[in-house]
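>>> got a sequence here, can you model it:
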Amino acid sequence: MFAQRRIAIVATASLLIAGVSFFSALSSPVQAQTAAACAEGTNLAVLAAPAMPWKGMPLRVMFAAEKQTRGELSLIAPDGSVAAKSGQQQGGPPYFWIAEVATPVAGTWHAKLARDHASPGCETITREITVRSERPPRPSAAAGSIWPIHDTWNRGTENLYSAWIEKLFDAPLDSPPSWKALHEVLRDRSRNVLFNYLDLGEDEMGMVFHPDCADMPYFLRAYFAFKLGLPFGYSRCSRGTATKAPTCTQWFNIQNLEAAKQPNSGQQAAAGEPAAGAPAAESPKRLGLAASFGKYITVIGDAVHSGSSRTAATDNNTDYYPVPLTQDALPPGTIYADPFGHILMLTKRVAQTNDAAGVLLAADAQPDGTVAIKRFWRGNFLYAQDHTAGPGFKRFRPIVRERNGNLHRLTNSEIASNPQYGNYSSEPSKLSVDAFYDRMDDVMSPAPLDPLRAMKEVVTALDEQAQARVTSVENGRKFLDSGKGVGAMPDGASIFETSGAWEDFATPSRDLRMLIAIDVARGFPDHVARRPERYAMPKDKTVAQVKAELQSALATELASRKFTYTRSDGSPWTLTVKEVVDRAPELEMAYNLNDCVELRWGAPANSEEASTCKKHAPEAQRAKMMKYRPWFHERRRPARGARGV
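Numbering: from 1, shown residues only. Model (predicted):
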């Protein structure tokens, strides 16, 4: 068991300290009441890493709060000296501070958060941390569970989860990073506050995290739960049909791993209950705690898919539940399920300023394993009023442990009435397409936007989307050069959901999103004209005049953005974003991995750009693409099981 863990202070009448031995008890009931009163309204949560601090490992401390407040976090050594401090408040919401000491001395440390403009008596919040002189006993596996459970999901742990996600993927707006695989992010100790948190060397064992877009949120939630000893589970779900949303028939958790390995019998299991007749979990002690987690990740990846997130908004038997479209309800870690099957996860909110619109950033994983940062806009976050699926923003359904030790998922009504959550809402799934995006504009940028500046933000997002496609197309070029032969092309709607080389190197889903993004950029002047009240319109100009100016500025802005891709012979070729926009018709037929890279960027026939093209998809595959082209031309994803038009 983990003897030392984080402390969470939640908005209740008392201070919650659940088995946190490395934080000393508050010295008197009066002080305890004062700390509770100070924490109330901020929902302060504190995490110290590693789980059992000792002088042989760096000491990291993170404070997270829901309310914005200026302050400074200090780590004070046993001799009273300030060993580290951080006045940089990150996030929002939750807002958080992180401070680190690389080589802490043994003894009693104090983590002190000094806050400006706090209520009297609450200006400073201090927690004690005991750093041992010798390496403490390391945690081990527990019988009947993949990892021991010794903490609960609540607002405190949810805020820490969100802060951890934001720090993990933190990036500047002007240079969003990408990674070849998720484990590259987790192995980066400068990003991962929980790196080797258990002191098992668990992040140096070479564990591989290679999720697709649907897997990644599960992998990260499981990783966090594993480190902090929290409940975790997942469902086996259908993918849905043209007339029915996906449904989940079985739920598995860390107390019944072996059941998850059995073929899905289709037998309905009650929410929060293991499948009837499921075998008891085999003790993972033989592998050790960290190795058992690594094995468990592969089980999760084999079970979950995009249908797991597209369940109906009112369905209780799901892993996710929908949330309202407000800033407080959309912290990092919230997922977005588009109706066509792509999943993104919010990683950061950048608040609106006098000079720039507000921005929501998200991470997604591609079939080839790459992970990249995207910004929220219509071109990345697709929305449709789809009664056969539940699109939109969702959060992981809380899992609680009952008195008998069994794990149970909260229902929608339980979430709505729970003071720790209270954020279930099916209302967003009922919005029209324009109403959904209008609402999100208001969430990101509550104040009216300068129309020209807002248009440039749209072009920036399109530019980023085109540059992200460069990596995917380049991977396809390398596949063609590998000599592995022609990649098989699936039939019908399966071109969007399949496996193998086609999934890894073809780009039908990405290209459909790119085409929609092109339409959004082209149509932005019309959007401003439709909703002028949303923008800070010049008082001396009519809506028609502003629209005309935007159309002229749009062409200039698109032409000024450039990127470079590698042609078939290895030479670079530069395109403008305007050329990509103009090539929208060609991009309707540019997703086949067996075509040369020049064709995949819509190079005109007999042009200098296309002169290096040597490979083409087989005629049979080109015939299929012609048959499926209306899907791309009309910007619509076909119903599952569609065989063509």
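
>>> which parts of the stretch 51-200 of the chain are strands?
59-65, 71-76, 82-86, 90-91, 95-101, 107-115, 124-131, 178-179 (DSSP state E, counting those that start in this stretch).

>>> so which of these is the most packed in?
Mean neighbour count, computed with mean count of other C-beta atoms under 10 Å, is highest for strand 59-65 among these, reaching a mean of 26. For the C-beta atoms, the positions are set from N, CA and C on the backbone; glycine is no exception.

>>> quick one: contacts of that one?
42-49, 53, 73, 75, 91, 94-101, 104, 109, 111, 113, 125, 129, 131, 156, 159-160, 162-164, 167, 193 (C-beta atoms under 8 Å, 6 or more residues apart in numbering).

>>> and the pLDDT for Pro398?
We note a pLDDT of 97 for Pro398 in this prediction.

>>> pretty sure it contacts Leu407?
No: using C-beta atoms under 8 Å, Pro398 makes no contact with Leu407, being 10.7 Å away.

>>> may I have stretch 186-199 as PDB, with CA atoms only?
Presented in PDB, the C-alpha positions along stretch 186-199 are these (Å, rounded to 0.1, in the frame of the first residue of the first chain):
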ATOM      1  CA  LEU A 186       5.400  10.400 -20.300                       C
ATOM      2  CA  ARG A 187       9.100   9.700 -20.200                       C
ATOM      3  CA  ASP A 188       9.900  13.500 -20.200                       C
ATOM      4  CA  ARG A 189      10.400  14.200 -16.600                       C
ATOM      5  CA  SER A 190      10.300  18.000 -17.200                       C
ATOM      6  CA  ARG A 191       6.600  17.500 -18.300                       C
ATOM      7  CA  ASN A 192       5.500  14.600 -16.200                       C
ATOM      8  CA  VAL A 193       5.000  15.600 -12.600                       C
ATOM      9  CA  LEU A 194       4.400  11.900 -11.800                       C
ATOM     10  CA  PHE A 195       7.600  10.600 -13.400                       C
ATOM     11  CA  ASN A 196       8.700   7.600 -11.300                       C
ATOM     12  CA  TYR A 197       6.200   8.700  -8.700                       C
ATOM     13  CA  LEU A 198       6.100   5.200  -7.100                       C
ATOM     14  CA  ASP A 199       9.900   5.000  -7.000                       C
END
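
>>> which one is Arg583 nearest to, not counting chain neighbours?
Gly602 (3.5 Å; C-beta to C-beta, 6 or more residues apart in numbering).

>>> what is the neighbour count of that neighbour?
Applying other C-beta atoms under 10 Å, we find 20 residues neighbouring Gly602.

>>> give me the nearest residue to Phe169, chain neighbours excluded.
With C-beta to C-beta, 6+ apart, the residue lying closest to Phe169 is Thr347, at 4.0 Å.

>>> again, but for Gln467
Nearest to Gln467 is Phe563, by C-beta to C-beta, 6+ apart, at 4.9 Å.

>>> residues in contact with that neighbour?
463, 466-467, 470, 574-575, 577.

>>> secondary structure class for it?
strand (DSSP: H, G, I helix; E, B strand; the rest coil).

>>> any idea how far Arg477 is from it?
For Phe563, the distance to Arg477 equals 15 Å [C-beta to C-beta, to the nearest Å].

>>> what of Gln467?
For Gln467 relative to Arg477 (C-beta to C-beta), the value is 16 Å.

>>> how about Leu452?
Counting by C-beta to C-beta - Leu452 and Arg477 are separated by 37 Å.

>>> the more surrounded of those two?
Arg477 (21 against 17).

>>> pretty sure the more buried one contacts Thr566?
Yes: using C-beta under 8 Å, Arg477 is in contact with Thr566, at 6.6 Å.

>>> which of the contacts of Phe563 are buried?
When those are checked for burial by 16 or more other C-beta atoms under 10 Å, the buried set is 463, 466-467, 470, 575, 577.

>>> let's have those in a markdown table, adding secondary structure.
As requested, these are exported to a markdown table (three-state DSSP):
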| residue | secondary structure |
| --- | --- |
| Asp463 | helix |
| Ala466 | helix |
| Gln467 | helix |
| Val470 | helix |
| Leu575 | strand |
| Val577 | helix |
